[in-house]
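> missing the sequence, but the structure's below:
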């Protein structure tokens, strides 16, 4: 389906049959799902590379992973305030608005993300101590986080360019280029993590592959390089190769009060939401860290493997934001509501099936990630606890996309805060002392079920689809 089809549908007043709506959703979601799948494969390969260095290296990254997500999540939250406005402009047929908002966003999100890079770099030395990491992994954890912090502005611009292209209906380009980034990440990580060495090929041929031998630091540096190359390509596509976003002679794109106020109105609740979710992950890490490096490594690998199940949900979330944003921008409110429910049902079905498959395959996934049998066994056992929550986890993910497309971000952020701090952290604190790492994952499972349920209630009874943009 061509990316212009959605625009044509919005200009057509006829009622669409379910089959046609489903086809539109799938055409937008599929490239995003493929990009998510590539990203997860990249994470698994990266994790296996680090896992080859031992449980200590995996624990060093695992102990700061939640803080990395916290900084990335809050730093990138500002981009949604601009990408949603771009979708509204495209839906309304207002090309100047889309171009102006896009260019204001490039500058604003970069400077906002740079602030987090500076803060992250400043605290990197003390962070492993704050998180109660074992002394033997603190140095590696500190260096990894410092490099990850300086990656934030690049990562933010990549996500922004991807979100804007998706907002105009181009799901294919972000899918292709983000998949390409995964390949680059594997190559750069291999070159940065491992030292120069010979690889034996069939026929007795030996090839010497150069390497920097930086270990854990190399994993962060390889990702930074892959992010940089992909960001340049995505920004070039959005700025110079996308018709509705290309600069038009004579137009001025300075900061405007209306655009910035709307961006803040949309983004601040998302930032609070990300701080709540990722901050809770940091708290969870502090709860798990005293259990030792085996538990930390198992926890980190379990999160990586579980991400295979939720990648379709985030693909559908991207599609939902585009569909709802453009529909509301065009004044097609009932169509926005219909598309919203279709994406949510898709997500719950697909992630539910992924959870069933992963329940049986997860031991093999852990065997790929680490040679440590203790980590393999513990990781598989705790992951199986959480897999029962996948359908409702899908609901929370996709409904979030629906509501963001409508610019409804305040109430969902409050819901997320209550869910993750009131349910997950509370249950983890109560259960980890008795059940160890499994207690933390029991808490996660219960919280994801609760969160999905309240988001479905918001979707059903909220007036998000009646909003004017």
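That came in fine, so what should we check first? Note that this is a predicted model, so its numbers are computed, not measured.

> how about the strands in this protein?
With DSSP state E as the criterion, the chain has strands at 195-201, 205-212.

> what helices or strands is the longest one leaning on?
The helices and strands touching strand 205-212, judged by 3 or more CB pairs under 8 Å, 6 or more residues apart in numbering; DSSP states H and E, are helix 172-193, strand 195-201. C-beta coordinates here come from the backbone N, C-alpha and C atoms, glycine included.

> and those, which one is worst for confidence?
For those, mean pLDDT drops lowest on strand 195-201, to a mean of 77.

> what about the helices in the stretch 251-400 of the chain?
With helices called from DSSP state H, counting those that start in this stretch, the stretch 251-400 of the chain shows them at 257-288, 293-329, 333-369, 373-386, 390-405.

> give the buried residues for the second one.
Taking 16 or more other CB atoms under 10 Å as the neighbour-count basis, helix 293-329 is seen to contain the buried residues 293-306, 308-329.

> circling back to that earlier point, between the helices and strands packed on strand 205-212, which gets nearest to residue 337?
helix 172-193 (25.7 Å; CB to CB).

> what's the closest one packed up against?
For helix 172-193, the packing partners by 3+ CB pairs under 8 Å, 6+ apart are helix 18-51, helix 138-167, strand 205-212, helix 216-240.

> list the contacts for the residue most central in space within the chain?
Per CA atoms, centre = their mean, the C-alpha nearest to the average position across the chain is that of residue 314, at 7.3 Å. Residues near residue 314 by CB atoms under 8 Å, 6 or more residues apart in numbering: 32, 36, 397.

> for the last one, which non-adjacent residue is spatially closest?
Beyond its immediate neighbours in the sequence, the residue positioned closest to residue 397 (CB to CB, 6 or more residues apart in numbering) is residue 313, lying 3.9 Å away.

> quick check, that neighbour in contact with residue 351.
Yes. Residue 313 is in contact with residue 351 according to CB atoms under 8 Å; the separation is 5.2 Å.

> okay if I get the strands of the chain as a markdown table plus distance to residue 108 and mean neighbour count?
As requested, the strands of the chain are exported to a markdown table (distance: least, CB to CB, whole Å; neighbours: other CB atoms under 10 Å):
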| stretch | distance to residue 108 | mean neighbour count |
| --- | --- | --- |
| strand 195-201 | 42 | 10 |
| strand 205-212 | 35 | 11 |
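
> JSON lines for those, including distance to residue 120?
Below are those laid out as JSON lines (distance: least, CB to CB, whole Å):
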{"stretch": "strand 195-201", "distance to residue 120": "28"}
{"stretch": "strand 205-212", "distance to residue 120": "23"}
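
> kindly reformat the contacts of residue 314 as TSV containing distance to residue 194.
Formatted as TSV, the contacts of residue 314 follow (distance: CB to CB, whole Å):
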residue	distance to residue 194
32	32
36	27
397	35
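
> hang on, the earlier thing: now tabulate the helices of the stretch 251-400 of the chain in JSON lines and tack on distance to residue 118 and mean pLDDT.
Formatted as JSON lines, those follow (distance: least, CB to CB, whole Å; pLDDT from 0 to 100):
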{"stretch": "helix 257-288", "distance to residue 118": "17", "mean pLDDT": "87"}
{"stretch": "helix 293-329", "distance to residue 118": "26", "mean pLDDT": "86"}
{"stretch": "helix 333-369", "distance to residue 118": "33", "mean pLDDT": "92"}
{"stretch": "helix 373-386", "distance to residue 118": "35", "mean pLDDT": "94"}
{"stretch": "helix 390-405", "distance to residue 118": "28", "mean pLDDT": "94"}
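
> which residues sit against stretch 272-281?
Residues from elsewhere that reach stretch 272-281, judged by CB under 8 Å, 6+ apart: 66-67, 69-74, 76-77, 409, 412-413, 416-417, 420-421, 424-425.

> let's go with 10 Å and repeat that
65-77, 282, 303, 400, 409-410, 412-421, 423-425, 428, 444, 447, 451 (CB atoms under 10 Å, 6 or more residues apart in numbering).

> which of those residues count as buried?
Counted by 16+ other CB under 10 Å, these give 65-77, 282, 303, 400, 409-410, 412-413, 415-417, 419-421, 423-425, 428, 444, 447, 451 as buried.

> any weak-confidence spans in the stretch 1-150 of the chain?
Across the stretch 1-150 of the chain, the ranges flagged by pLDDT under 70 are 1-8, 10-14, 39, 42-43, 47.

> switch the cut-off to 80
Within the stretch 1-150 of the chain, the segments meeting pLDDT under 80 span 1-16, 28, 31-55, 58, 62, 133.

> quick one on the thing from earlier: distance check, the residue nearest to the centre of the chain against residue 401.
Counting by CB to CB, to the nearest Å, the separation of residue 314 from residue 401 is 8 Å.

> which neighbours do the two share?
residue 347.

> pick the most buried one from the helices and strands packed on helix 172-193.
helix 138-167 (a mean of 24; mean count of other CB atoms under 10 Å).

> could you check the angle helix 216-240 makes with it?
20 degrees (axes from the mean of the first three to the mean of the last three CA atoms, to 10 degrees).

> packing partners of helix 138-167?
Applying 3 or more CB pairs under 10 Å, 6 or more residues apart in numbering; DSSP states H and E, we find helix 138-167 packed against helix 18-51, helix 55-77, helix 79-91, helix 95-123, helix 127-130, helix 172-193, helix 216-240, helix 293-329.
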